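> Please work out how this folds:
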Amino acid sequence: MFGMKIGVFCNRATPRFVSVQKNLLTIFRRRGICHEVYESVESIGDVDVLVVLGGDGTILKVAIEAGRRGIDLLGINAGNLGFLTQFEGEQVEEAAELLMHPYETEPRSVLEVQVGTDRYYALNDALFQRHYTAEADNNVVSVTAEIDGKKVDEFVGDGIIISTPTGSTAYSLSAGGSVLTPDLSAFILTPVCAHSLHNRPIVYNDSRTMRILRGAEGNVLSLYCDGRYVCDPPAGAEIFLRKADFSVRFVKPKDSNFFDKLLFKLNKWSR
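Numbering: from 1, shown residues only. The predicted structure is shown next:
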């Protein structure tokens, strides 16, 4: 296995990262594992696997770049919740041991959002959200969704979330969406604070293309991908959402169980 190149990506803004990184690098040196440490996405080198120290936000920061370049990801939680991490901070020995042998990976689908000629990508979700302005008479937005040219519904409220299975346990879950297991070939549309009780989350096949149409009102609509603002799509812009032509591969620990992790994280989250 070892000709393999390992990178370690650190989030210095996470208080716990210092002790977790110290333990991990000590283990790597003791085992003679060559590695490089990175602190920015731009500095990530030509590696086979990237060990990410932080929480979900840190993994989301590097996931798209890793997916595009075919770099495997292994997350060690040095943050708070860590839905996307495979190990907790006290399990660095187990993480290093896993990398010493051939391992399995689990591909996660990526959402591509096309706004005009621009393309954006999300591992978790794309959020179309109302933009608050003091001048507006009301700040709701009207958004119509079509799938393969057929109208799904018109959503009036704070906006809508389009989520991958990976992101179904993030903002979509908080907004009342269903949990999708990572192996499903599906996306989920979840309304945010809809003004109509008939608006409900909709799960659809990820081979389909969704088109987003804005209502006629003049309120500004903002687009966020994985929690980061990317643009305010102009009125009349062509907006399409589809499955990207690349995935993000996560290193899969032996005997990993999605439902065990889900129950552990939800119980931790609900304290």
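> could you say which helix or strand contains N23?
Using DSSP states H and E, N23 falls within helix 17-30.
> quick one: contacts for the most centrally placed residue in the chain?
Central residue of the chain (CA atoms, centre = their mean): N124, 2.7 Å from the mean position. The neighbourhood of N124, defined by CB atoms under 8 Å, 6 or more residues apart in numbering, consists of 60, 163-164, 166-167, 170-171, 226-227. Any C-beta I mention is one placed from the backbone N, CA and C, and that applies to glycine too.
> mind listing the helices for the stretch 51-200 of the chain?
With DSSP state H, counting those that start in this stretch as the criterion, the stretch 51-200 of the chain has helices at 56-69, 92-99, 171-174.
> now K5, nearest residue through space, not along the chain?
Excluding the flanking residues, the one nearest K5 by CB to CB, 6 or more residues apart in numbering is V47, at 4.4 Å.
> Can you tell me how far the one you found is from K254?
As for V47, its distance to K254 is 22 Å (criterion: CB to CB, to the nearest Å).
> neighbour count winner among those two?
Neighbour count, other CB atoms under 10 Å: between V47 and K254, V47 has more, with 20 against 10.
> Dihedrals phi and psi, that one?
Here is the backbone geometry of V47 (degrees, to the nearest 10): phi -120, psi 160.
> and it, what is it in contact with?
Going by CB under 8 Å, 6+ apart, V47 touches 5-7, 36, 71.
> Now for I64, how many residues are close by?
By the measure other CB under 10 Å, the count of residues near I64 is 20.
> scratch that, H101
9.
> and the gap between it and P253?
Distance of H101 to P253, given as CB to CB: 11 Å.
> and if you look at G176?
In this view, G176 and P253 are 31 Å apart by CB to CB.
> out of these two, which sits in the busier spot?
Using other CB under 10 Å, the more surrounded residue of G176 and P253 is P253, with 18 against 13.
> which residues touch F246?
Neighbour list for F246: 67-68, 110 [criterion: CB under 8 Å, 6+ apart].
> And it, which helix or strand is it part of?
Per DSSP H and E: F246 is located in strand 239-252.
> With just CA atoms, put that strand into CSV.
The C-alpha coordinates for strand 239-252 follow below in CSV (Å, rounded to 0.1, in the frame of the first residue of the first chain):
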residue,chain,number,x,y,z
ILE,A,239,-31.0,27.8,-13.6
PHE,A,240,-30.5,24.1,-13.9
LEU,A,241,-29.5,21.5,-11.3
ARG,A,242,-28.1,18.0,-12.2
LYS,A,243,-25.8,15.4,-10.9
ALA,A,244,-22.1,16.3,-11.5
ASP,A,245,-19.9,14.1,-13.7
PHE,A,246,-17.6,13.4,-10.7
SER,A,247,-18.1,12.2,-7.2
VAL,A,248,-16.4,12.6,-3.8
ARG,A,249,-14.8,9.4,-2.5
PHE,A,250,-14.7,8.9,1.3
VAL,A,251,-12.5,6.2,2.8
LYS,A,252,-14.8,3.6,4.3
